[in-house]
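[1] Compute the structure for the input listed below.
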Amino acid sequence: MPFTATVYKVLIASPGDVASQRLVIRDALNSSNSVFGESQGIMFLPVMWEVDAVPAVRQRAQEIINQQLVQSADMLIGTFWTRFGTPTLEAGSGTEEEIRQFIASDRPVMLYFSTAEANLRTVNLQEYSRVEAFRKSIQGKGLYDEYGSDEELRAKLTDDLSRTIQQLTKKHQGQGDDNSLSAVASTTMLTKEEFRSYTDTYELNWNVAKARDEAIEPATVAIPTFETYGLIQKAEASFHDFAHRMNGTIEAVATQSISNLGNRAWEIANNMRYRREAVAKDSEVLRDYWSNAEDFLTRVRTVRGIVARSMLTAP
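    Numbers count the residues shown, from 1 in each chain. From the prediction side, this is the model:
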């Protein structure tokens, strides 16, 4: 069935060494449209110079992009890795010029810096130093996040776009827009998507943290210093917050399952909280910790499915 939506143009900005990440951003925008386009009446149109710019002459290349794409876009999502780009007459690179224009006109900017390892033999250190200088110049403005892989970038984009849609939905409702769902139900759907994104990111971070914890060299280890322990500690508050926010708006079995996750995270963390002494890597204590921690991850996956299938109870 046809539906009406407000479409926001999103400029994807970057130097040339993150081609695959540009596609990740594009795909995340399209995935958001599939999830929220009809229900929330909000969609994102990816804008990419390699697809949307039209050839022109007698103008500098960046000026053409500015006129055709930058000036008409509503949001900007940018990413950097080791290259900063070719300097322009107005800024250190075309990407920086685009970002500065968005900031100057008070349009939303979402920046992501890759922390993935690079081949030092092929990296231009001067280029990389320019990336770092730019990152530090915006460090206090809350404009950026970091990612170590395409999967982590996708997860962070999913979460950030969900929050952006939530803000836009409130804005539209304040203007009297008539969406297909009530305000409460709309917020609930966004929170469900935020929960899915959080659990996806938790699982991703867990796998990375577990590998690091298991690679610790000493024969004895202090469990409270583990990265996985820190993740479980933080999960307690997060799951209780989700349960509180969704209480009464989705089926009770779903919110109770989320609350139980918070309780279980507290139990695991509390059991190890005061065990400051180091334990042997082959000790029963450590085996019990890993068993409980892995079981917790399995429960997270199960509850993710329960929440995804739960029906809304909001009017």
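[2] mind checking the SS state of Val253?
    Classification of Val253 using DSSP: H, G, I helix; E, B strand; the rest coil returns helix.
[3] contacting residues around stretch 89-97?
    Stretch 89-97 has contacts (C-beta atoms under 8 Å, 6 or more residues apart in numbering) with 13-15, 60-62, 65-66, 78, 80, 84-88, 100, 130, 134. (Glycine included, C-beta is placed from N, CA and C.)
[4] Make a PyMOL selection of whichever of those turn out to be buried.
    Of the contacts of stretch 89-97, the buried ones go into a single PyMOL selection, burial set by 16 or more other C-beta atoms under 10 Å:
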select buried, resi 13+14+15+62+65+66+78+80+84+85+88+130+134
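[5] Just the contacts of stretch 89-97: which are in strands?
    Cross-referencing those with the strands (criterion: DSSP state E) gives Ala13, Gly78, Phe80 as the overlap.
[6] measure the second one to Glu284 for me?
    Going back to what we said before, that points to Gly78. Using C-beta to C-beta, to the nearest Å, one obtains 50 Å as the distance from Gly78 to Glu284.
[7] Is it possible to get the ones in strands among the contacts of stretch 89-97 out as TSV so that each row also shows pLDDT?
    Formatted as TSV, the entries for the ones in strands among the contacts of stretch 89-97 read as follows, by pLDDT from 0 to 100:
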residue	pLDDT
Ala13	96
Gly78	97
Phe80	97
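[8] which residues in the stretch 201-315 of the chain form helices?
    Here the stretch 201-315 of the chain has its helices, by DSSP state H, counting those that start in this stretch, at 227-246, 252-273, 284-309.
[9] The last one vs helix 252-273, what angle?
    When you say that, I think you mean helix 284-309. Our comparison of helix 284-309 with helix 252-273, counting by axes from the mean of the first three to the mean of the last three C-alpha atoms, to 10 degrees, yields an angle of 160 degrees.
[10] And for the first one?
    Angle of helix 227-246 versus helix 252-273, following the same axes, to 10 degrees, is 150 degrees.
[11] Other residues contacting helix 227-246?
    When contacts are defined by C-beta under 8 Å, 6+ apart, helix 227-246 is touched by residues 188, 191-192, 194-195, 198, 202, 205-206, 208-210, 212-213, 223, 254-256, 258-259, 261-262, 265-266, 268-269, 272, 293, 296, 300, 307.
[12] Which among the residues you listed count as buried?
    Neighbour counting with 16+ other C-beta under 10 Å marks 188, 191-192, 194-195, 198, 202, 205-206, 209-210, 213, 223, 254-255, 258-259, 261-262, 265-266, 268-269, 272, 293, 296, 300, 307 as buried within those.
[13] Please name the residues that touch the residue nearest the centre of the chain.
    Nearest to the mean C-alpha position of the chain, by C-alpha atoms, centre = their mean, lies Lys156 at 1.1 Å. If a contact means C-beta under 8 Å, 6+ apart, then Lys156 has Tyr112, Asp145, Tyr147, Thr201 as its contacts.
[14] Who wins on neighbours among those residues?
    Tyr112 (23 neighbours; other C-beta atoms under 10 Å).
[15] Kindly indicate whether that one is helix, strand or coil.
    When classified by three-state DSSP, Tyr112 comes out as strand.
[16] Would you check how far apart the nearest residue to it once chain neighbours are set aside and Val18 are?
    Excluding the flanking residues, the one nearest Tyr112 by C-beta to C-beta, 6 or more residues apart in numbering is Thr79, at 4.6 Å. With distances defined as C-beta to C-beta, the gap from Thr79 to Val18 amounts to 5 Å.
[17] who touches both of these two?
    Taking C-beta under 8 Å, 6+ apart as the contact rule, Thr79 and Val18 both touch Ser114.
[18] quick one: average pLDDT of stretch 113-126?
    When pLDDT is averaged over stretch 113-126, the result is 90.
[19] any idea how far that stretch is from the chain center?
    23 Å (C-alpha atoms, centre = their mean, to the nearest Å).
[20] Start and end of it, how far apart?
    The first and last residues of stretch 113-126 sit 17 Å apart, counting by C-alpha to C-alpha, to the nearest Å.
[21] Flag every buried residue along it.
    Within stretch 113-126, the residues that count as buried by 16+ other C-beta under 10 Å are Phe113, Ser114.
[22] Would you state the helices of the stretch 51-200 of the chain in chain order?
    61-65, 94-104, 125-137, 150-174, 183-214.
[23] Report the angle between the fourth one and helix 183-214.
    Meaning helix 150-174. 160 degrees.
[24] ditto for the third one
    Taking the same axes, to 10 degrees, one finds helix 125-137 and helix 183-214 inclined to each other by 130 degrees.
[25] what's the angle from helix 125-137 to helix 94-104?
    Taking the same axes, to 10 degrees, one finds that helix 125-137 is oriented at 10 degrees with respect to helix 94-104.
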